[in-house]
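have a look at this prediction, sequence included:
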Amino acid sequence: MTKTGQTRDVYQQVAERLAGAERVCALTGAGISRESGVPTFREADGLWNRFRPEELANVDAFLSNPDRVWEWYSWRRKLIGNVRPNPGHSALAELERLLPHFALVTQNVDNLHRQAGTRDVIELHGNILRNKCQKCGIVFEPGTPEAEMDFEPGTLPVCTCGKEGLLRPDVVWFGEMLPERALARAWDEAQSCDVFLSVGTSAVVFPAAGLPYQAKSAGAVLVEINPNRTELTPVADHVISEPSGEALPEVIDRLRALKTTT
Ligand code: NAD
């Protein structure tokens, strides 16, 4: 039995599903980064209970009060800059190495999957470490001087495009479109996978929340890893009700054992 009293059999069942799969897709949400110290959005101690999203995460808020929006993102950037990937992130990076085809789709903007070693991360909601010009749309990758530009009280970062565009974090705000290519890839992976893992997401933010349902209706086995119930729980084929930083390494251990015995 695990801490929450869940039988260990579910780990074996999930590992067996993974061992027999040709294509696996995982969708992660804020919950996978919680054990690293990044707050989620919708839980009791989540960010949305302390801040008003309508004042922070949309274009109108940025255009009318860029200092306030930048202040919040600057705080989140610093917070994220001080955390490390946890064993859940590392286990997913390991899955990419162990399986013939593994696609990792994330709603997170914290870059922790890349830091943990996953090579191909499909980022649906952007990446907080990148900057983007609000006017010309050019994106600056981490490591470039423009991506390093951050908010200092009284000085807003401005793009070098010459159009006086304000730089902003390259994250998807409420009312904005998701990056087209990332969404198309995520959709294809969900439709064509044999096993779909939904990890640490409340599964309420669409279109990302539609991916597990899409996978299931296309015939995939749906696995949920989340210590709390979500709207997805009743439709999942296997549910591991444990924190992902504990559950995923256990699944990987079982998978490795299966691979060495076959
Ligand atoms: P959410 O806040 O709505 O839900 C978080 C989920 O994680 C909950 O269902 C919760 O039960 C679960 N959870 C909590 N601790 C967990 C753990 N240790 N292991 C596994 N699961 C755990 O977050 P969401 O579904 O990702 O959707 C909200 C949006 O929040 C996304 O658009 C995302 O961009 C944004 N967001 C990102 C970050 C980040 O980048 N780390 C942080 C906060 C919010």
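Now that the structure is in, tell me what you want to look at. Numbering: from 1, shown residues only.

mind checking how far Ala21 is from the ligand?
Between Ala21 and the ligand the distance, using C-beta to the nearest ligand atom, to the nearest Å, works out to 21 Å. C-beta here means a position set from N, CA and C on the backbone, and glycine is covered the same way.

what residues does this structure have near the ligand?
29-35, 38, 40-43, 46, 107-110, 125, 200-202, 205, 226-228, 230, 243-245 (C-beta under 6 Å from any ligand atom).

just the buried subset of the residues you listed, please.
29-35, 38, 40-41, 107-110, 125, 200-202, 205, 226-227, 230, 243-245 (16 or more other C-beta atoms under 10 Å).

now, which of the residues you listed lie within helices?
244-245 (DSSP state H).

and the nearest residue to Leu27 once chain neighbours are set aside, what element?
Closest residue to Leu27 apart from its sequence neighbours, by C-beta to C-beta, 6 or more residues apart in numbering: Val105 at 4.9 Å. Here Val105, judged by DSSP states H and E, is contained in strand 102-106.

for that strand, buried residues please.
Neighbour-count burial for strand 102-106 [16+ other C-beta under 10 Å]: 102-106.

got those residues as JSON lines, with pLDDT columns?
Converted to JSON lines, those look like this (pLDDT from 0 to 100):
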{"residue": "Phe102", "pLDDT": "98"}
{"residue": "Ala103", "pLDDT": "98"}
{"residue": "Leu104", "pLDDT": "98"}
{"residue": "Val105", "pLDDT": "98"}
{"residue": "Thr106", "pLDDT": "98"}
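
among those, which one sits closest to Met177?
Lowest distance from Met177 to these (C-beta to C-beta) belongs to Val105, with 16.5 Å.

quick one: name whatever helix or strand follows the lowest-mean-pLDDT helix or strand in the chain.
The helix or strand of the chain with the lowest confidence, counting by mean pLDDT, DSSP states H and E, is helix 53-56 at a mean of 73. Proceeding N to C from helix 53-56, the next assigned helix or strand is helix 59-64, under DSSP H and E.

report the buried residues of that next one.
61-62.

may I have it as PDB, with CA atoms only?
Output of helix 59-64 as PDB, limited to C-alpha atoms (Å, rounded to 0.1, in the frame of the first residue of the first chain):
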ATOM      1  CA  VAL A  59      -3.300  41.800 -23.400                       C
ATOM      2  CA  ASP A  60      -5.600  44.600 -22.300                       C
ATOM      3  CA  ALA A  61      -4.200  44.500 -18.800                       C
ATOM      4  CA  PHE A  62      -0.700  44.600 -20.200                       C
ATOM      5  CA  LEU A  63      -1.500  47.600 -22.500                       C
ATOM      6  CA  SER A  64      -3.300  49.500 -19.800                       C
END
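
for the helix or strand following that helix, buried residues please.
With elements assigned by DSSP H and E, the helix or strand that comes after helix 59-64 is helix 66-81. Residues 66, 69-70, 72-73, 76-77, 80 are the ones in helix 66-81 that count as buried (16+ other C-beta under 10 Å).

stretch 223-241 too?
By 16+ other C-beta under 10 Å, the buried positions in stretch 223-241 come out as 223-227, 230, 232, 236, 238-241.

quick check: mean pLDDT of that stretch?
For stretch 223-241, the mean pLDDT works out to 97.

how far off centre is it?
How far stretch 223-241 lies from its chain's middle: 17 Å, per C-alpha atoms, centre = their mean, to the nearest Å.

end to end on that stretch, go ahead and measure it.
When the termini of stretch 223-241 are compared using C-alpha to C-alpha, to the nearest Å, they are 11 Å apart.

pLDDT at the closest residue in space to Leu18 that isn't next to it in sequence, what is it?
Closest residue in space to Leu18, ignoring its immediate chain neighbours: Leu255 at 5.3 Å, by C-beta to C-beta, 6+ apart. Reported pLDDT at Leu255 in the predicted model: 98.
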